[in-house]
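Student: Build me a model:
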Amino acid sequence: MPDELDVLERHPKTAKPGEVMRPHNLMCFGCGAESPHGLQLEMYAGEGFTVEAKMPVEQWMEGGPGVIHGGILSSALDDVMGMTPRLLGPPGVTVHLQVDFLQPIPVGKTLHLRAEILGRQRRKIYTEGVAHLGDPERPVARANGVFVTVDVREHFAEHVENSAKAAEYMGGKPQL
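Tutor: Residues are numbered from 1 along each chain as shown. Take a look at the predicted model:
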């Protein structure tokens, strides 16, 4: 993380602590309520610059026998950390993701996810994510990410027609 960081200021229109945050988009694998094969995470704004979510570890998420697949865990951490830029204003996209897997996570448990903004430098937002099984003092995974804020309409303009919800996004109904 760079030495010189911008002052963080929570956007006045973002969700207040304890409120549900709006999904990235309807079909987002991580938080989209209409993603048929997604995680459908419901995320909550926390105090300061944090976001929290819970995720039941279901059988379809299995990687090794009886434990979550690392890619599913990475996706969940990426999505929770990727929600943090909204606390400051414009959404961001992942440019760097690093996950440390500390312990196997059994199928049938509930994973608690928490992400926090560590700092910002212009468009880059530096984040940290932690996953645990109910005891924050015993993390099962840690992650670091860098997100770059974007103009969503411009950033996805060349690809929006590939979305299952293209007609809605291009018709101006729901926003990305």
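Student: Quick one: residues in contact with the lengthiest helix in the chain.
Tutor: Determined from DSSP state H, the single longest helix within the chain is helix 70-83. Helix 70-83 is contacted from outside by 21, 24, 28-31, 39, 41, 43, 51-53, 55, 61, 63, 91-94, 97, 99, 101, 105, 111, 113-115, 127-129, 131, 141, 143, 145, 147, using CB atoms under 8 Å, 6 or more residues apart in numbering. All C-beta atoms are positioned from the backbone trio N, CA, C, and that covers glycine.
Student: List buried members of these by neighbour count.
Tutor: Buried members of the contacts of helix 70-83, counted by 16 or more other CB atoms under 10 Å: 21, 24, 28-31, 39, 41, 43, 51-53, 55, 61, 91-92, 97, 99, 101, 105, 111, 113-115, 127-129, 131, 141, 143, 145, 147.
Student: Relative to the whole chain's centre, how far out is the longest helix of the chain?
Tutor: Relative to its chain's centre, helix 70-83 lies at 6 Å (CA atoms, centre = their mean, to the nearest Å).
Student: repeat for stretch 151-161
Tutor: That offset, for stretch 151-161, works out to 19 Å (CA atoms, centre = their mean).
Student: And for stretch 13-29?
Tutor: Centroid separation for stretch 13-29 versus its chain: 10 Å, with CA atoms, centre = their mean.
Student: okay, how far is it across that stretch, tip to tip?
Tutor: From its first residue to its last, stretch 13-29 covers 25 Å (CA to CA, to the nearest Å).
Student: Now do the same for Leu133: its pLDDT.
Tutor: Looking at Leu133, its pLDDT stands at 98.
Student: Can you give me every residue that contacts it?
Tutor: Going by CB under 8 Å, 6+ apart, Leu133 touches Ile105, Lys109, Thr110, Leu111, His112, Val140.
Student: Out of the residues you listed, which is nearest to Arg10?
Tutor: Among those, His112 lies closest to Arg10 (CB to CB), at 22.5 Å.
Student: Identify the residue nearest that closest one in space, chain neighbours excluded?
Tutor: Closest residue in space to His112, ignoring its immediate chain neighbours: His132 at 5.2 Å, by CB to CB, 6 or more residues apart in numbering.
Student: again, but for Ala15
Tutor: Ala45 (3.8 Å).
Student: Any idea what the one you found is bridged to?
Tutor: For Ala45, the beta-bridge partners under DSSP bridges are Val51.
Student: what about it, neighbour count?
Tutor: 22 (other CB atoms under 10 Å).
Student: Check the gap between it and Leu39 for me.
Tutor: Distance, Ala45 to Leu39, using CB to CB, to the nearest Å: 18 Å.
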